[in-house]
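Peer 1: coordinates only, sequence not included:
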């Protein structure tokens, strides 16, 4: 068990992690930008470190200042929360190089699955059913062509990050052209990655698509732009793909591990 963990995030995400660390008798270190110096997560943490000015690129997306804060406070591990640097392979590698435990996937796992368009490609090659979609899109014209093949409505997504940031539902080529630059800009600002891809948007999912693993794992709630529970194949999936997912094929394909050792929960 760690004695002290730095949380490389802010707001409600950081507060939830702080509460969990407190229950585990682990000291917490918050980081904050100038605008967050009076934020709740700063007040709740055992220690807090200023990491830069308001722009995320100069604070919450700056690996050097976050690692320096961890060293300064003698933290042993960094919890990235979600969004920001949570899926940044270079940041995970920098933590390891600094002798800090990154509480998340390995750098190699993040390079494989951290970008959604490459994760889609891995799942497709493994025979997992996918919504019609595209690879990485160079520009709005390419997006319009891909949407014509998939059928509207589609959802534009930042290939990096999470939390519903960088997602726009589009019902026409005009909306697609209008939102493409917005999604790319949000991805670059929040995750340091401007890549964009698209998928068919499901306006109403069938009721029979309930999760099969709810009894084993409480997946994330579907919220905002439609984030779905992890490892949750519906009854509509082919039997062989359901068997592959439930047997851990999605985990073995990327070499799953946890901070407490292979095969054990965090």
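Peer 2: Okay, I see it. This structure is a prediction, so every number in the text was calculated from the model and none was measured.
Peer 1: and the residue positioned nearest the centre of the chain, what element?
Peer 2: Centroid check for the chain by C-alpha atoms, centre = their mean gives residue 162 as the closest residue, at 3.8 Å. Under DSSP states H and E, no helix or strand contains residue 162.
Peer 1: in the protein, which helix is the longest?
Peer 2: helix 173-191 (DSSP state H).
Peer 1: quick one on the thing from earlier: the nearest residue to the residue nearest to the centre of the chain once chain neighbours are set aside: neighbouring residues, count only.
Peer 2: Closest residue to residue 162 apart from its sequence neighbours, by C-beta to C-beta, 6 or more residues apart in numbering: residue 82 at 4.9 Å. For the C-beta atoms, the positions are set from N, CA and C on the backbone; glycine is no exception. As a burial measure, residue 82 scores 14 neighbours (other C-beta atoms under 10 Å).
Peer 1: check the offset of stretch 75-87 from the chain's centre.
Peer 2: Computed by C-alpha atoms, centre = their mean, to the nearest Å, the chain-centroid distance of stretch 75-87 equals 10 Å.
Peer 1: no, scratch that, I was asking about stretch 76-91
Peer 2: 9 Å.
Peer 1: wait, residue 42 sits on residue 30?
Peer 2: Yes: the pair residue 42 / residue 30 is scored as a contact, 5.1 Å apart, by C-beta atoms under 8 Å.
Peer 1: overlap in contacts of these two?
Peer 2: Residues touching both residue 42 and residue 30 by C-beta atoms under 8 Å, 6 or more residues apart in numbering: residue 48.
Peer 1: which of those two has more residues huddled nearby?
Peer 2: Counted by other C-beta under 10 Å, residue 42 and residue 30 do not tie: residue 30 has more neighbours, with 28 against 19.
Peer 1: helix/strand/coil for the more buried one?
Peer 2: Secondary structure, DSSP: H, G, I helix; E, B strand; the rest coil: residue 30 is strand.
Peer 1: beta-bridge partners for it, please?
Peer 2: Beta-bridge partners for residue 30, by DSSP bridges, are residue 7, residue 48.
Peer 1: how much space between the residue lying closest to residue 58 once chain neighbours are set aside and residue 95?
Peer 2: What sits nearest to residue 58 in space, not counting adjacent residues and going by C-beta to C-beta, 6+ apart, is residue 52, at 4.5 Å. Relative to residue 95, residue 52 is positioned 18 Å away (C-beta to C-beta, to the nearest Å).
Peer 1: give me the more crowded residue out of the two.
Peer 2: residue 95 (25 against 18).
Peer 1: residue contacts, that one?
Peer 2: 67, 70, 78, 101, 102.
Peer 1: would you check which pair of the residues you listed lies furthest apart?
Peer 2: 67 and 101 (12.2 Å; C-beta to C-beta).
Peer 1: now do the shared contacts for these two.
Peer 2: Both residue 67 and residue 101 are contacted by 78, 95, under the criterion C-beta under 8 Å, 6+ apart.
Peer 1: how many residues are close by the residue nearest to residue 80 when sequence neighbours are not counted?
Peer 2: Sequence neighbours aside, residue 86 is the residue nearest to residue 80 in space, at 3.8 Å (criterion: C-beta to C-beta, 6+ apart). Neighbourhood size, residue 86 [other C-beta under 10 Å]: 25.
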